[in-house]
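Q: with the input below, show me the fold.
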Amino acid sequence: MPARPKIPEDLKQLLIIIRSGRLFALQKWIADGKRLRDPKSSDYRTDVLREAVEVGFHSIVEVLLNAGGWSENDLTEGAELALENRRRDLAELFLSRGGKLNQISFYLQNHGRRANGTVSTGRRRSFP
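A: Coordinates of the predicted model:
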């Protein structure tokens, strides 16, 4: 099995900023014109949008989205990940920037998942 490519140092620093919730450091990073991703890499480990959703800090996600340059696919994946993490507020940020939901994602957004991971249909049973 080949070794994974190393994550570039600058992106490691950016991921640390996101993981630690340092909003002002992120804003400075962007203002300084530093890169937010490696366009040559599709490595999920360097996906800053994914990391921001996993951290769940709304303002960090919003700052990253405001920086721009995200494809529709990036925005859609972010919305879907936010829904998987039960963060409708984050999903709405991605959707407002151009992300799309498929039917399954739309269903989950409107009905959610139960704590055991099964999908809720929204129907209530009545018992005699």
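Q: buried residues, the lengthiest helix in the chain. List them.
A: Using DSSP state H, we find that the single longest helix of the chain is helix 72-84. Neighbour-count burial for helix 72-84 flags 74-83 (criterion: 16 or more other CB atoms under 10 Å). Every C-beta, even on glycine, is put in place using the N, C-alpha and C of the backbone.
Q: which of these lies closest to Phe57?
A: Phe57 lies nearest to Ala82 out of the buried residues of helix 72-84, by CB to CB, at 12.2 Å.
Q: what's the distance between Glu77 and Thr46?
A: 14 Å (CB to CB, to the nearest Å).
Q: got it, and Gly33?
A: Taken as CB to CB, the span from Gly33 to Thr46 is 18 Å.
Q: could you do Phe24 as well?
A: 22 Å.
Q: neighbour count for these two, which is higher?
A: The neighbour comparison of Phe24 against Thr46 (other CB atoms under 10 Å) goes to Thr46, with 19 against 9.
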